[in-house]
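Engineer: Sharing a sequence plus its predicted fold:
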Amino acid sequence: MKKTILIVDDEKNTRDGLRDSLEDEYEVYVAADAAGAKAVMETDRVDLLLTDLRLGADDGMELLPWALRQNQAPVCIMMTAYGGIESAVEAMKLGAYDFVTKPVNIDRLELLLKRALHGSELERENVRLREQIDKRYGLENFIGDSPAMAHVLETIRQVAPSRATVLVTGESGTGKELAAHAIHRLSPRHRGPFVAVHCAALSPQLLESELFGHEKGAFTGAGERRIGRFEQAAGGTLFLDEIGEIDAATQVKILRVLGERVFERVGGNKPLAADVRLLAATNRDLAGMVAEGKFREDLFFRLNVVQLLLPPLRDRRGDIPSLAVHFLREAAKENDKPPRELTGEAMKCLAAYDWPGNVRELRAAIEHGVVMATGPKITLRDLPAAVRESAASGTAPRGPLPLNLVETELSLMRRALAECRGNRTLAAQKLGISRRTLHRKLREHPELGGT
């Protein structure tokens, strides 16, 4: 479909001339004054607004902020006589994309309109991507209402707006990078980049270059200058995962960045500003490593301004049913499978297992069950062998068991209905079950209500 453009000018010859020149490329609307322009924008979608700064008794500068306040604001370009360039610049400060002088050069205008539309589409795509990132890494992705998780969420909310360095600790698979993302998304730097470096994946030499960059000729193979992660993360957050794996020389350089807020590229001698918020994570005992002389004490204190400990899944077993339902819905969608449910036996097995791989292992186990199940329910035999064998051996869990299954199911349905304001169709979608199944369960438990 053609993009739409609204031309606003109190001179009929100008309106008609511009319409004739642009109507092959655009769906063109015209208006003689601000009132007519507003009437068009209130009834039709306008992608581009091309308006004169002087509209007879009206002022195009008053139309501009009104247009930009609309839900689907057009890209605004101002037209002005040579003597009005100062006002046109002022219009750009208010949000106009650019301006053209009259008489209008059509070739230049067409190029400007295409560039403006391209920039607008890029901005909308950036907004969409930011919304996807917010949804993927927001606090709502921390499933569970156990006291341990409540403490984690409260700590994230408290520390995110600050500039403090945070050390995220916990076993592998507990969600340390997810927590770092959430801190970034809730921070004043959320519009800046989030750059993650997995320190254990790189040798000491490569890690130094990866973090700080290098100058051309700094070492064999350095054929050109390379920008490091500290520079890439400028204005945002740098997340150093597995910080306990870095060597002594790199520890010294990171300590300098935290203390002086400057660094140098490898092979360079020019200090560069480090405009980053640093977050780090480890599954190792850094305090123990300090005692053994394997990690610098001063760097440990710099990193450990606030420590965020993510609990292992075995210490919050009450969250397993909620996590399981969430992963069931997620796995079914990703694998193009119909919604699945866990049998009571399968859920008891999940609750009893110790989950050495934590949430990451639970996600994989649920996906395994969704893929392997041949019917609408995931049975014990559909779960991974390690989980089944643990249940068969009768190994007792080391933490508290969750609520019984009926209470857990009621809790999940109650929560879904509340979040969907009683709408049963939306609640069923949220729970990953059919509307018919939800209706049946509500008949069994009328105290839940729903509309």
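Structural biologist: In hand now; what should we look at?

Engineer: CA only for contacts and neighbour counts going forward, please
Structural biologist: Noted.

Engineer: Contacts only, for Ala281.
Structural biologist: 167-169, 176-177, 239-243 (C-alpha atoms under 8 Å, 6 or more residues apart in numbering).

Engineer: Let me know the helix or strand that it is in.
Structural biologist: Using DSSP states H and E, Ala281 sits within strand 277-282.

Engineer: Pull out the buried residues from the next helix or strand after that strand.
Structural biologist: Using DSSP H and E, the next helix or strand after strand 277-282 towards the C-terminus is helix 286-291. Neighbour counts over helix 286-291 (16 or more other C-alpha atoms under 10 Å) mark 286-287 as buried.

Engineer: still on that earlier bit, inside strands: which ones of the contacts of Ala281?
Structural biologist: Judged by DSSP state E, strands contain the following of the contacts of Ala281: 167-169, 239-241.

Engineer: Adding pLDDT, distance to Asp16 and neighbour count, write the residues you listed out as CSV.
Structural biologist: Formatted as CSV, these follow (pLDDT from 0 to 100; distance: C-alpha to C-alpha, whole Å; neighbours: other C-alpha atoms under 10 Å):
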residue, pLDDT, distance to Asp16, neighbour count
Leu167, 97, 64, 26
Val168, 96, 64, 24
Thr169, 96, 67, 22
Phe239, 96, 57, 27
Leu240, 96, 60, 23
Asp241, 95, 62, 23
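
Engineer: a markdown table for those residues, including distance to Arg261?
Structural biologist: Below are the ones in strands among the contacts of Ala281 laid out as a markdown table (distance: C-alpha to C-alpha, whole Å):
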| residue | distance to Arg261 |
| --- | --- |
| Leu167 | 18 |
| Val168 | 21 |
| Thr169 | 24 |
| Phe239 | 16 |
| Leu240 | 16 |
| Asp241 | 20 |
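
Engineer: so how far is the first residue of stretch 308-323 from its last?
Structural biologist: One end of stretch 308-323 to the other measures 21 Å (C-alpha to C-alpha, to the nearest Å).

Engineer: ok, now how distant is Leu18 from Gly36?
Structural biologist: Here the criterion is C-alpha to C-alpha. By it, Leu18 lies 17 Å from Gly36.

Engineer: cool, Ala280 as well?
Structural biologist: 57 Å.

Engineer: Same drill for the two, tell me which one is more crowded.
Structural biologist: Ranked by neighbour count (other C-alpha atoms under 10 Å), Ala280 and Gly36 place Ala280 first, with 24 against 13.

Engineer: thought that one was touching Leu303?
Structural biologist: Yes: with contact defined as C-alpha atoms under 8 Å, Ala280 counts as touching Leu303 (7.1 Å).

Engineer: ok so, going back, between the contacts of Ala281, which is closest to Leu412?
Structural biologist: Ranking those by separation from Leu412, with C-alpha to C-alpha as the measure, puts Lys176 on top at 25.4 Å.

Engineer: Test my guess that that closest one contacts Val168.
Structural biologist: Yes: counting by C-alpha under 8 Å, Lys176 does reach Val168; the two are 6.1 Å apart.

Engineer: what is in contact with these two at once?
Structural biologist: Shared contacts of Lys176 and Val168, counting by C-alpha under 8 Å, 6+ apart, come down to 281, 310.

Engineer: Could you tell me how many residues sit around Glu62?
Structural biologist: With other C-alpha under 10 Å as criterion, Glu62 counts 12.

Engineer: SS state for it?
Structural biologist: helix (DSSP: H, G, I helix; E, B strand; the rest coil).

Engineer: Asp47 versus that one, what's the distance?
Structural biologist: Glu62 is 19 Å from Asp47, where distance means C-alpha to C-alpha.

Engineer: same question, Val371
Structural biologist: For Val371 relative to Asp47 (C-alpha to C-alpha), the value is 45 Å.

Engineer: and those two? which has more neighbours close in?
Structural biologist: Higher neighbour count among Val371 and Asp47: Asp47, with 21 against 18, using other C-alpha under 10 Å.

Engineer: What sits closest to the more buried one if chain neighbours are left out?
Structural biologist: Distances taken as C-alpha to C-alpha, 6 or more residues apart in numbering place Pro74 nearest to Asp47, at 4.6 Å, with adjacent residues excluded.

Engineer: close enough to count as contact, that neighbour and Thr51?
Structural biologist: No: contact between Pro74 and Thr51 fails when scored by C-alpha under 8 Å: they sit 11.6 Å apart.

Engineer: which one of these two has more residues nearby?
Structural biologist: Neighbour totals were compared for Pro74 and Thr51, and Thr51 leads with 30 against 25 (other C-alpha under 10 Å).
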